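Chemist: Turn this into a model:
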Amino acid sequence: MRFVISREALIKPLLLVAGVVERRQTLPVLSNILLVVEEGQLSMTGTDLEVELVAHIQLLEAPETGAITVPARKLMDICKSLSDDAMIEISAGEQGKAQIKSGRSKFSLTTLPASDFPNVEDSPEALTLSLPQSSLRHLIEKTGFSMAQQDVRYYLNGMLMEVKDQTLRAVSTDGHRLATCTAAVEVLPGSDHQIIVPRKGILELARLLQGGDNPVELVIGSSHIRANVGDFTFTSKLVDGKFPDYRRVIPRNGEKVMLGDRQELRQVFSRIAILSNEKYRGVRLTLGNGMLQVMANNPEQEEAEETVAVDYEGDALEIGFNVNYLLDVLSILNSDVVRFVLSDSNSSALVQGFDEEDALYVVMPMRM
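Modeler: This is a model prediction of the structure:
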């Protein structure tokens, strides 16, 4: 195997593929990426057995076909260290070594046989749909922050993707807050489907999406999801579990509606959070006619308090929240005005941007 490629053409796909590879692996070959040259094209594959990413690069010079695996991090570091306009020659040498040459630089890397490299198994296709990259990226950006991390309820460590009534809905929750966002898709009637994509799969997929109107094709199988994004093919195993019924979590009967300036509220919450309890991050909100009072204290007997003008008419209400959850929502919204819908001090708050109908957020209260 031998091929020549410019650093410019290699570096970006290599960074994305190497990003899938875990630093600590039980199998040595999983620290490597697979390089396959055939029909004038280079394919690079990285996997951790849960997520797989393949990059396809057209080669300009006539290459010699073949396949090897090389250490992902070392190849990436070598390419990053070369000058921007460098040409790189990679060949499979003797005695299980790969030779990398560029200008006066020469490197020899230990390889492992391509036959040892594992494939992420396919599963029968159940549904195929296509949507603009910008739409899928928007769904992930609006909901990804509330995915759980290393929760014993493993089905929360990922994102629900639901296809229903010509709509693709993304839902994530860590048990304390919930985020959901929708995008229109064209699918055949009766194509309803629910899958849970693991957290790492969502984060890696988001790195691939460039935005814009270029399409991404999603192929949903019984145990895998595949995304074809330009010159990349991304595959992730699905989480085998049942996601909570998010519809039951969304409050429906809140009669107390508060409208406020998003940036002003964000600044107030950030200031008050400085003196909140470092462990629980609780702030107390007291809502009255036209005013919102935000208070926090901590075990050192320090206190913070600020009052901000809001659009609210109704009975007084006192409720506590984890301030980080409120700040996360206010940071991800784009509207100038944010709407809080509340019912009582023990019920969750529904938060939405005033002109962002596609996304909504639920934040559970906390005892203060």
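Chemist: only C-alpha atoms for contact and neighbour calcs from this point on.
Modeler: Will do.
Chemist: Let me see the backbone angles for residue 277.
Modeler: Reported as degrees, to the nearest 10, the phi and psi values for residue 277 are phi -60, psi 120.
Chemist: That one: what's it in contact with?
Modeler: For residue 277, the contact set (CA atoms under 8 Å, 6 or more residues apart in numbering) comprises 296, 297, 298, 299.
Chemist: Is the third one in contact with residue 279, as I believe?
Modeler: Going back to what we said before, that points to residue 298. No - in this structure, residue 298 is not within contact of residue 279 by CA atoms under 8 Å, at 9.5 Å.
Chemist: Which one's more surrounded, these two?
Modeler: Counted by other CA atoms under 10 Å, residue 298 and residue 279 do not tie: residue 298 has more neighbours, with 17 against 7.
Chemist: For the more buried one, give its distance to residue 277.
Modeler: Using CA to CA, to the nearest Å, residue 298 is found at 5 Å from residue 277.
Chemist: Can you say which of the contacts of residue 277 are buried?
Modeler: The neighbour count (16 or more other CA atoms under 10 Å) marks 296, 297, 298 as buried among those.
Chemist: Nearest to residue 346 among the residues you listed?
Modeler: Distances from residue 346 to those, taken as CA to CA, are shortest for residue 296 (18.3 Å).
Chemist: Using CSV, write out every CA atom in the helix or strand encompassing that closest one.
Modeler: Assessed by DSSP states H and E, residue 296 sits inside strand 291-297. Taking C-alpha atoms only, strand 291-297 is exported to CSV below (Å, rounded to 0.1, in the frame of the first residue of the first chain):
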residue,chain,number,x,y,z
MET,A,291,-41.1,42.0,40.0
LEU,A,292,-38.9,39.0,40.5
GLN,A,293,-36.7,38.7,43.5
VAL,A,294,-33.8,36.3,43.3
MET,A,295,-32.0,35.2,46.5
ALA,A,296,-29.2,32.8,47.4
ASN,A,297,-27.2,31.9,50.5
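Chemist: who does the next helix or strand after that strand pair up with?
Modeler: Per DSSP H and E, the first helix or strand lying C-terminal to strand 291-297 is strand 303-309. In the sheet, strand 303-309 lines up against strand 291-297 (antiparallel) (DSSP bridges).
Chemist: Excluding covalently adjacent residues, which one is nearest to residue 133?
Modeler: Closest residue to residue 133 apart from its sequence neighbours, by CA to CA, 6 or more residues apart in numbering: residue 211 at 4.8 Å.
Chemist: Pull up the gap between the nearest residue to residue 334 once chain neighbours are set aside and residue 112, please.
Modeler: Once flanking residues are discounted, residue 334 sits nearest to residue 353: 7.0 Å by CA to CA, 6+ apart. According to CA to CA, residue 353 stands 52 Å off from residue 112.
Chemist: Export only the CA atoms of stretch 166-178, formatted as PDB.
Modeler: The C-alpha coordinates for stretch 166-178 follow below in PDB (Å, rounded to 0.1, in the frame of the first residue of the first chain):
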ATOM      1  CA  GLN A 166     -43.700  14.100   9.700                       C
ATOM      2  CA  THR A 167     -41.600  15.400  12.600                       C
ATOM      3  CA  LEU A 168     -38.200  14.500  14.100                       C
ATOM      4  CA  ARG A 169     -38.100  15.200  17.800                       C
ATOM      5  CA  ALA A 170     -35.000  15.200  20.000                       C
ATOM      6  CA  VAL A 171     -35.500  14.800  23.800                       C
ATOM      7  CA  SER A 172     -32.900  14.600  26.500                       C
ATOM      8  CA  THR A 173     -33.200  14.500  30.300                       C
ATOM      9  CA  ASP A 174     -31.000  13.800  33.300                       C
ATOM     10  CA  GLY A 175     -34.000  13.400  35.700                       C
ATOM     11  CA  HIS A 176     -33.900  17.000  36.900                       C
ATOM     12  CA  ARG A 177     -34.500  18.900  33.700                       C
ATOM     13  CA  LEU A 178     -35.800  18.100  30.200                       C
END
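Chemist: could you point out where the chain is predicted with low confidence?
Modeler: Applying pLDDT under 70 to the chain flags no residue at all.
Chemist: Outline the domain layout of it.
Modeler: Residue ranges for each domain of the chain read 2-116, 125-248, 250-363, as given by automatic domain parsing.
Chemist: got a list of contacts for whichever strand or helix holds residue 53?
Modeler: Per DSSP H and E, residue 53 falls inside strand 51-58. Contacts to strand 51-58, defined as CA under 8 Å, 6+ apart, come from residues 9-10, 13-14, 17, 20, 40-47, 120, 200-201, 231-237.
Chemist: Taking the centroid of this structure, which residue is nearest it?
Modeler: residue 203 (3.2 Å; CA atoms, centre = their mean).
Chemist: And the helix or strand hosting that one, what's buried?
Modeler: Assigned by DSSP H and E, residue 203 belongs to helix 199-208. Under the neighbour-count criterion of 16+ other CA under 10 Å, helix 199-208 has 199, 201, 202, 204, 205, 206, 208 buried.
Chemist: So which of the residues you listed is the closest to residue 90?
Modeler: residue 208 (25.2 Å).
Chemist: Tell me who's in contact with the closest one.
Modeler: Residue 208 makes contacts with 16, 229, 232, as judged by CA under 8 Å, 6+ apart.
Chemist: Over to residue 173?
Modeler: By CA under 8 Å, 6+ apart, residue 173 lies in contact with 146, 147, 148, 156, 159, 179.
Chemist: Quick check: it vs residue 251, distance?
Modeler: Distance, residue 173 to residue 251, using CA to CA: 15 Å.
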